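# sequence first, predicted model second:
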Amino acid sequence: MSGGSGDVEIEIAGELDIPEHLKDSSTKGFMMQLPTHLHLASPAAREWVSRRRENVRPWLLFINTHKFKAPPNLQRWSKRLARNVEYFQSNYMFVFIGLIIYCLITSPLLLLAVAASLGACYLLSLRNAETKLVVGGIEIAPAHQYAAVGVLSLPLFYLVGAGAVLFWVLGASLFIICVHASFYNIESVVGSEEEPFDLQMEQV
């Protein structure tokens, strides 16, 4: 404290001591408020993404070239194809998403079109958070608004070549998945119940 003839100046230094139970409760309440809101906003999408991420097999196992082997016959190939698709379904899904991202990065016009559509949906979400959209006395649901944005964006997507990109992504994904699922020896990873029977038949 320092004093003069007319004014008094007080300096306070230190830290405010907050009880631990109040500190924990306030901090947890603040930190958990946003994730809870996001979870309630799209629970189905978040659950789907979480399930896909949990079921992703190790990528080093997925791309292990030592596991690739040609199937001995057509029957074994069909069973291997089905088992690989079931076992690596989440990995195949991320391969598909990766090809989509690659196409967006290499197609600036398509990237701008997608950004414009997503930006319109974002603006609609901000508007719906403040006031509801009413046309002719009828309240328009947010889902219908997003659907309208998607329909109005179709000509724009057509002009930037989204159709060709979509067919390329589908074709490339199908080719990669079929080649991987056909030649990846899944029996060496999860085992095969038919191997003892096949060995026995070969010996006879």
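On my side now, so go ahead. Numbers count the residues shown, from 1 in each chain.
# state the next helix or strand along the chain beyond the helix or strand of the chain with the lowest mean pLDDT.
Using mean pLDDT, DSSP states H and E, helix 20-41 stands out as the lowest-scoring helix or strand of the chain, at a mean of 39. Tracing the chain C-terminally past helix 20-41 and defining elements by DSSP states H and E, one meets helix 43-54 next.
# buried set for that next one?
Taking 16 or more other C-beta atoms under 10 Å as the neighbour-count basis, helix 43-54 is seen to contain no buried residue. C-beta here means a position set from N, CA and C on the backbone, and glycine is covered the same way.
# do the same with stretch 98-117
Using 16+ other C-beta under 10 Å as the burial criterion, the residues of stretch 98-117 that qualify are 99, 103-104, 107, 110, 113-114, 117.
# equivalent analysis for stretch 134-145, please.
Across stretch 134-145, burial judged by 16+ other C-beta under 10 Å covers Gln145.
# just the helices from this protein, written as ranges.
In the chain, the helices defined using DSSP state H lie at 20-41, 43-54, 59-62, 74-87, 89-106, 108-130, 142-159, 162-183, 187-190, 195-203.
# list the helices and strands the fifth one packs on?
Translated: helix 89-106. helix 43-54, helix 108-130, helix 162-183 (3 or more C-beta pairs under 8 Å, 6 or more residues apart in numbering; DSSP states H and E).
# with respect to Leu154, which of those helices lies nearest?
Smallest distance to Leu154 across the helices and strands packed on helix 89-106 (C-beta to C-beta): 8.6 Å, for helix 162-183.
# and of the helices of the chain, who's closest to Gly136?
Nearest of these to Gly136, taken as C-beta to C-beta: helix 142-159 at 13.5 Å.
# just want the most central residue of this protein.
Val49 (5.2 Å; C-alpha atoms, centre = their mean).
# per-residue confidence at it?
What the model reports as pLDDT for Val49 is 75.
# how close does Cys178 sit to Cys121?
To Cys121, Cys178 is 34 Å away according to C-beta to C-beta, to the nearest Å.
# try Phe157
Counting by C-beta to C-beta, the gap from Phe157 to Cys121 is 14 Å.
# those two: which is more packed in?
Neighbours per residue (other C-beta atoms under 10 Å) separate Phe157 from Cys121, with Phe157 holding more: 18 against 15.
# show me the shaky parts of this protein.
Residues of the chain meeting the criterion pLDDT under 70: 1-42, 45, 192-204.
# any idea how far Ile97 is from the nearest residue to Arg53 once chain neighbours are set aside?
Nearest residue to Arg53, sequence neighbours excluded (C-beta to C-beta, 6 or more residues apart in numbering): Ser90, at 7.4 Å. Using C-beta to C-beta, one gets 11 Å for the distance from Ser90 to Ile97.
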